[in-house]
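Trainee: This is the structure alone, sequence omitted:
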Ligand SMILES: Nc1ncnc2c1ncn2[C@@H]1O[C@H](COP(=O)(O)OP(=O)(O)OP(=O)(O)O)[C@@H](O)[C@H]1O
């Protein structure tokens, strides 16, 4: 099976995380624990997933500033084997997520998109996209960028869209998507009032979304995922049973490995099984990119299921 070529187009952020006894109220100052800085952003996380856990030849197309945060992101991407030669450097701070975590594990997050808002797809990026088997995108960068990436694909190459965070999609993007990956909330948001009223379960939501795209994957956390394709019965992909420590980044690891599997010529259900193994391993470790497992670990867990 070939390595497969994936181009991930999306966001890169540095996560600044502080544990707090409780979230502060407006106007209040509280003391928290030590500051943790870690590489994140859905695009960068998914690129690490595709390369490190999925084994695909992966290019990340994103934008960062000329600051220390950018260096942290480059180091993490490159450590995982992601090609970073087409990442834009702009005169705007690198995207930053300010995250406080309370003892019950609830996060409060403010994102400053910074450089992510300045991402562009120009000729060098278009050429790399034209050589890809799969283009993987999310919605933390301007939607015009996702459309430009979709337009640069060669015939037969797939656009996998992780429609997160939730926002409505323009018709041109609906028309370009080959595989839509959403969690249950995102599926309900994209389905609108009629989809939600149809009974609400993942099968019903996926059936509604199949009217707009040829294939849908609904991720269901510890309950696994659902793979639905037009004209075929939907397939439930069970989760692997693990001790969850930190669920951050499970969805991103899943998306990266799903894209890698498709680029390597696997069927959607087969790619989803590998993605489930990678997502399960990711929840056993803290952090986002730091928690992404290696290909061999994913293969071992997948073979045990
Ligand atoms: N607790 C868990 N145990 C085993 N597998 C899990 C667990 N949580 C997630 N996974 C795997 O990872 C996949 C993606 O997780 P999830 O559905 O939570 O994505 P998400 O909502 O996009 O997550 P997030 O944005 O928080 O990373 C699941 O479909 C499942 O296969």
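Mentor: Arrived safely, thanks for sending. Computed from a predicted structure; not experimentally measured.
Trainee: Enumerate the residues of the stretch 101-250 of the chain near the ligand.
Mentor: For the stretch 101-250 of the chain, the residues in contact with the ligand (CB under 6 Å from any ligand atom) are 183, 219-222, 224-225, 239-240, 242, 244, 247, 249-250. In short, each C-beta sits where N, CA and C put it, glycine included.
Trainee: ok, the residues you listed vs residue 123, which is closest?
Mentor: Among these, residue 249 lies closest to residue 123 (CB to CB), at 32.1 Å.
Trainee: Now intersect the residues of the stretch 101-250 of the chain next to the ligand with the strands, please.
Mentor: 183, 219, 225 (DSSP state E).
Trainee: what pairs with the closest residue to the first one other than its chain neighbours across the strands?
Mentor: The reference is to residue 183. Computed as CB to CB, 6 or more residues apart in numbering, the closest residue to residue 183 that is not its neighbour in sequence is residue 219, at 5.0 Å. For residue 219, the beta-bridge partners are residue 183, residue 225 (DSSP bridges).
Trainee: contacting residues for residue 219?
Mentor: Listed by CB atoms under 8 Å, 6 or more residues apart in numbering, the contact partners of residue 219 are 181, 182, 183, 184, 225, 251, 254, 279.
Trainee: Can you classify the first one as helix, strand or coil?
Mentor: Here residue 181 takes the strand state, with states given by DSSP: H, G, I helix; E, B strand; the rest coil.
Trainee: now do the last one
Mentor: Applying three-state DSSP to residue 279 yields a three-state assignment of helix.
Trainee: name the element the closest residue in space to it that isn't next to it in sequence belongs to?
Mentor: Sequence neighbours aside, residue 254 is the residue nearest to residue 279 in space, at 4.0 Å (criterion: CB to CB, 6+ apart). In the assignment (DSSP states H and E), residue 254 maps to helix 250-263.
Trainee: could you pull out the helices for the chain?
Mentor: 42-48, 68-79, 123-130, 143-151, 171-176, 184-197, 202-209, 250-263, 268-283, 295-304 (DSSP state H).
Trainee: now what about the fourth one, what contacts it?
Mentor: This points to helix 143-151. 7, 9, 61, 119-121, 125-126, 129, 135, 137, 139, 159, 161, 167, 169-170, 172-173, 176-177.
Trainee: Show me which of these are buried.
Mentor: 7, 9, 61, 119, 121, 125, 129, 135, 137, 139, 159, 161, 169, 173, 176-177 (16 or more other CB atoms under 10 Å).
Trainee: closest to residue 22 among these?
Mentor: For the buried ones among the contacts of helix 143-151, the nearest to residue 22 is residue 139 (30.6 Å; CB to CB).
Trainee: Could you report the distance from that closest one to residue 11?
Mentor: Distance from residue 139 to residue 11, counting by CB to CB, to the nearest Å: 9 Å.
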